[in-house]
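1. Give the three-dimensional model of this entry:
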Amino acid sequence: MKYFAAFAAAVMLNVFAFAQSGGYQLGDKVANFTLQGANNQTVSLSDFASAKTVVLVFTNNQCPYAKLYENRLVTLASTYSNRGVQFIFVNPGAGEGTETLEAMGAKNYSFPYLADNDQKISNQFGATKTPEVFVLHNTGNSFVLKYKGAIDDNPQVETGVKNHYLRGVIDDVLSNRPVAAGDKRATGCLIKKY
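-> The predicted model follows:
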């Protein structure tokens, strides 16, 4: 019986690890997608073909971590907008409870906030938490995934941040340097699958 329990635990661990590794990997070309925005307009990744870099942030209105990072992300979007960096927020919980397009529209960001109603895009990217970022480099004919994971190393106290992962990755991509950060596990709320 002990052997069966150990075997079952090992199988479950492998299944969990495989599920976590789903989605795009670093260096993968990202397929175009289209989602409905908070303003009831459809937005596609291809709409940003003139952007040097697209920062895709899976987030929502309910997660405490997303709320802690909101101002940091809005500031980064503002800081880099004149350098060809386009931020896009994607809500993988849209359509559930208070996560409506109207509630999303109330945020009034200067960049798109999109609803991933069927979670197709969050699954395609392998997003597991909110907030979780994906940095896409525009190579001229496609977007390539350069980074996925955490925004920085201190979600709770902005003044306590020692490593600004996202900022460093954006700087690396804009300067055509290899991305130094690698994958950093995002800290946040688990995306509820439905």
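
2. Next up, phi/psi of the closest residue to residue 124 other than its chain neighbours, please.
-> Leaving aside its chain neighbours, residue 124 sits nearest to residue 23 (6.3 Å; criterion: C-beta to C-beta, 6 or more residues apart in numbering). In short, each C-beta sits where N, CA and C put it, glycine included. For residue 23, the backbone dihedrals (degrees, to the nearest 10) come out as phi 90, psi -180.

3. burial count for residue 23?
-> 17 (other C-beta atoms under 10 Å).

4. So it sits against residue 121, correct?
-> No: if you go by C-beta atoms under 8 Å, residue 23 and residue 121 don't touch, sitting 10.0 Å apart.

5. Can you find the helix or strand of the chain with the lowest average pLDDT?
-> None of the helices or strands of the chain scores lower by mean pLDDT, DSSP states H and E than helix 2-20, at a mean of 41.

6. next SSE after that one?
-> Note on helix 2-20: by DSSP states H and E, the next helix or strand toward the C-terminus is strand 29-30.

7. what is the rounded mean pLDDT of that following strand?
-> For strand 29-30, mean pLDDT is 97.

8. And stretch 129-140, by the same measure?
-> Mean predicted lDDT for stretch 129-140 stands at 96.

9. Tell me which residues of it come out buried.
-> 129-138 (16 or more other C-beta atoms under 10 Å).

10. One more: stretch 104-111?
-> Buried residues in stretch 104-111 (16+ other C-beta under 10 Å): 104, 109, 111.

11. Now tabulate those in JSON lines and tack on pLDDT, secondary structure and distance to residue 81.
-> Formatted as JSON lines, these follow (pLDDT from 0 to 100; DSSP: H, G, I helix; E, B strand; the rest coil; distance: C-beta to C-beta, whole Å):
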{"residue": "104", "pLDDT": "78", "secondary structure": "helix", "distance to residue 81": "20"}
{"residue": "109", "pLDDT": "91", "secondary structure": "coil", "distance to residue 81": "11"}
{"residue": "111", "pLDDT": "95", "secondary structure": "coil", "distance to residue 81": "8"}
